[in-house]
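# Sequence isn't available, so here's the structure alone:
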């Protein structure tokens, strides 16, 4: 789920079939409390839910986002909606009590005309409506250092605003997500059932995982021994889930909130830095070009810690480097396991696609490892 004014002009499908459009208008009208639906357009570039931008003739709220939740991925969508209502209301109350000196918005859940959080069609399809962040856009690639700081600020602000919400109040809608030992166990089960094709690339991955398997439980062990507390996490803090004001170019919101759940904020920190500091991108096959950009790392952490230091502990700082290293390794492990299993989870363009993706993440992990001292010094200096 990604949206913004700029994207709405570039990613929308203009020509919905008349029958589909009429049906979507009918569903949209289940939610519209003011105004009349004047346009429905396919919207965004998400891979999970079906997303549409609804235009109204209302002066008060001219757009909202209508989505059909993928119930094959989210088996209990009602729990997602309950979670979203709880934490967005919590954030709203926080901001009312302590207003910020700059723009910050959280997508709101829009209720149906009979005050429900979602609408179910007769065929079982699950629909929801969310407020639209006006005059904002997202980006797929990292810009300069100031852009990196705003990305970090956005994640820090999101964590800060939910840091005092007890995690047990939210349901775990994706059990096992980011639990690296479980991914390693799955990998070992797949490996035991397959005979990988011998190649330098496969052998590199096999050795890479073998060399690090004993270290995969570092964050889970820290959680189990109470060195790291259970908090609420975003779950998918990629660059393009941060919205920027189209005028000021400041971060104004984090979107894609389906994965907000109890977990470790370190998973978010690691994932944000993994995706943000790899200028070559996840899909490159020029593996020698993959490196972890410590300048962008410093920018992201500077923005993040400017807000997050309000709730972080000394132990939290101690595990930030491990989180950065672990999440890159974890994603590579997931890609490689899926390659060995026959590409059953991640969408691929060719049979070796997941192998290539795995190598990118493992090369990124190597780059992180080779710069451990630098990264730890950045964390220490920003503390």
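Structure received. Bear in mind the structure is a predicted one, so any value in this text is a computation, not a measurement.
# From now on I want contacts and neighbour counts done on CA atoms only, so please keep to that.
Noted.
# Are we agreed that residue 243 is in a strand?
Yes: Residue 243 forms part of a strand when assessed by DSSP: H, G, I helix; E, B strand; the rest coil.
# So it is in contact with residue 252, correct?
Yes: at 5.7 Å, residue 243 counts as touching residue 252 under the criterion of C-alpha atoms under 8 Å.
# of the two, who's got more company?
Neighbours per residue (other C-alpha atoms under 10 Å) separate residue 243 from residue 252, with residue 243 holding more: 29 against 25.
# follow-up on the earlier one: any residues in contact with both of residue 243 and residue 252?
Jointly contacting residue 243 and residue 252 under the rule C-alpha atoms under 8 Å, 6 or more residues apart in numbering are residue 136.
# Three-state assignment for residue 44, please.
Per three-state DSSP, residue 44 ends up coil.
# and the residue most central in space within the chain, what helix or strand is that in?
Closest to where the C-alpha atoms of the chain average out (C-alpha atoms, centre = their mean) is residue 236, at 1.4 Å. Secondary structure assignment for residue 236, by DSSP states H and E: no helix or strand.
# Residue 344 now?
Counting by DSSP H and E, residue 344 is part of no helix or strand.
# How about the contacts made by it?
Contacts of residue 344 by C-alpha under 8 Å, 6+ apart are residue 338.
# Do you know the pLDDT at it?
Looking at residue 344, its pLDDT stands at 89.
# next one: residue 2
In the predicted model, residue 2 carries a pLDDT score of 41.
# Distance of the closest residue to residue 37 other than its chain neighbours relative to residue 25?
Leaving aside its sequence neighbours, residue 37 sits nearest to residue 56 (C-alpha to C-alpha, 6 or more residues apart in numbering; 4.6 Å). Distance of residue 56 to residue 25, computed by C-alpha to C-alpha, to the nearest Å: 11 Å.
# what number of residues lie near residue 367?
18.
# And it, how far from residue 318?
20 Å.
# contacts for stretch 218-238?
Under C-alpha under 8 Å, 6+ apart, the answer for stretch 218-238 is 155, 158-159, 162-163, 165-167, 179-181, 256-257, 259-265, 267-268, 271-272, 275-276, 315-316, 319, 322-323.
# Buried by neighbour count: which residues of whichever strand or helix holds residue 25 qualify?
Residue 25 belongs to helix 18-28 when assigned by DSSP H and E. Using 16 or more other C-alpha atoms under 10 Å as the test for burial, helix 18-28 gives 21, 24-25, 27-28.
# With distance to residue 173 and pLDDT added, can I get those residues in a markdown table?
A markdown table is the format used below for the buried residues of helix 18-28 (distance: C-alpha to C-alpha, whole Å; pLDDT from 0 to 100):
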| residue | distance to residue 173 | pLDDT |
| --- | --- | --- |
| 21 | 31 | 78 |
| 24 | 27 | 90 |
| 25 | 29 | 92 |
| 27 | 25 | 93 |
| 28 | 26 | 93 |
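# which one of those sits closest to residue 194?
Checking the buried residues of helix 18-28 against residue 194 with C-alpha to C-alpha, the nearest one is residue 24 at 45.5 Å.
# The closest one reaches residue 39, doesn't it?
No: using C-alpha under 8 Å, residue 24 is not in contact with residue 39, being 9.9 Å away.
# which residues does residue 293 contact?
277-279.
# what do you get for residue 362?
Contacts of residue 362 (C-alpha under 8 Å, 6+ apart): 205, 208, 328-329, 332.
# Flag the shaky bits of the stretch 101-250 of the chain, pLDDT-wise.
For the stretch 101-250 of the chain, no stretch has pLDDT under 70.
# could you point out which element follows the host helix or strand of residue 359?
Residue 359 belongs to helix 353-370 when assigned by DSSP H and E. Later in the chain than helix 353-370, the nearest helix or strand by DSSP H and E is helix 372-382.
# buried set for that next one?
Neighbour-count burial for helix 372-382 [16+ other C-alpha under 10 Å]: 375-376, 378-379.
# what do you get for stretch 313-324?
316-317, 319-324.
# Take it and give me the span from its first residue to its final residue.
With C-alpha to C-alpha as the measure, stretch 313-324 spans 17 Å from end to end.
# and if you look at stretch 233-249?
25 Å.
# for stretch 234-246, same thing?
End-to-end distance (C-alpha to C-alpha), stretch 234-246: 23 Å.
# Quick one: distance of it to the chain centre.
Taking the mean of its C-alpha atoms, stretch 234-246 sits 8 Å from the chain's own mean (C-alpha atoms, centre = their mean, to the nearest Å).
# Equivalent analysis for stretch 130-143, please.
14 Å.
# if we can go back for a sec, how much space separates the residue nearest to the centre of the chain from residue 177?
In terms of C-alpha to C-alpha, residue 236 sits 11 Å off from residue 177.
# All the helices of this structure, in order from the start?
5-10, 18-28, 77-97, 145-162, 180-193, 200-212, 218-224, 265-276, 294-308, 314-318, 320-341, 353-370, 372-382 (DSSP state H).
# can you tell me which of these comes nearest to residue 118?
Taking these one by one with C-alpha to C-alpha, helix 77-97 is closest: 7.6 Å.
# Could you list the residues in contact with the closest one?
Outside helix 77-97, the residues within contact range by C-alpha under 8 Å, 6+ apart are 69, 71, 106-109, 117-118, 126, 161-162, 165, 170-171, 173, 257-261.
# wait, residue 145 sits on residue 297?
No: in this structure residue 145 lies outside contact range of residue 297 using C-alpha under 8 Å: 9.0 Å.
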